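Enquirer: Sharing a model prediction with you, sequence too.
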Amino acid sequence: MFSATKIVIALGAFIAPTLAFSGDMTYFFPGLGACGGYNTESEAVVAMPLSQDGNCGRTINISYNGKTVSAQVVDKCPGCAGNSIDVSPSVFQQLESLDAGRIQITWEYA
């Protein structure tokens, strides 16, 4: 027989809220990334701050002004402070013109 504690813990694993991060988003021109692959500026890829190391291959959802796009983690961004990220131009352009250069976003792991 299951105890109430086990049921609550099991349910918590399925309904746990997603942790959202906020920071700046800039863009870069990908090449050989820290995760070992080669990517181009037309791919939906992201470089993560060092505080988020160890997430190669994961997907994140990035939100800005009511729009959301997804990108795959392929690189590290040593210059990204806090929870800021660096994305390929194709990702940036889905949210804002490249002329903006830097925007405030929220993001979460998919």
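Expert: Arrived safely, thanks for sending.

Enquirer: Now do the strand ranked longest in the chain, average pLDDT.
Expert: In the chain, with assignment by DSSP state E, the single longest strand is strand 67-77. The pLDDT scores in strand 67-77 average 98.

Enquirer: Direction included, what does the next helix-or-strand element following it pair against?
Expert: As assigned by DSSP states H and E, the chain's next helix or strand after strand 67-77 is strand 85-87. Counting by DSSP bridges, the strands paired with strand 85-87 are strand 21-27 (parallel), strand 45-49 (antiparallel).

Enquirer: Report the buried residues of the first one.
Expert: It stands for strand 21-27. Across strand 21-27, burial judged by 16 or more other CB atoms under 10 Å covers Phe21, Asp24, Met25, Thr26, Tyr27. Every residue, glycine included, has its C-beta placed from N, CA and C.

Enquirer: So the last one sits against Pro89, correct?
Expert: Yes: proximity of Tyr27 to Pro89 meets the contact threshold set by CB atoms under 8 Å, at 5.1 Å.

Enquirer: anything in contact with each of the two?
Expert: Both Tyr27 and Pro89 are in contact with Leu98, where contact means CB atoms under 8 Å, 6 or more residues apart in numbering.

Enquirer: Any idea how far apart the tips of stretch 21-33 sit?
Expert: Length of stretch 21-33, first residue to last, CA to CA, to the nearest Å: 22 Å.

Enquirer: can you list contacts of that stretch?
Expert: Here stretch 21-33 makes contact (CB under 8 Å, 6+ apart) with 38-41, 43, 45, 47, 49, 62, 64, 74-77, 80-89, 91-92, 95, 98, 101-108.

Enquirer: of those, buried ones?
Expert: Buried among those (16+ other CB under 10 Å): 39, 41, 43, 45, 47, 49, 62, 64, 74-77, 80, 83-89, 91-92, 95, 103, 105, 107.

Enquirer: Quick check: Gln93 is in a helix.
Expert: Yes: assessed by DSSP: H, G, I helix; E, B strand; the rest coil, Gln93 belongs to a helix.

Enquirer: any low-confidence regions in the chain?
Expert: Applying pLDDT under 70 to the chain flags the ranges 1-17.
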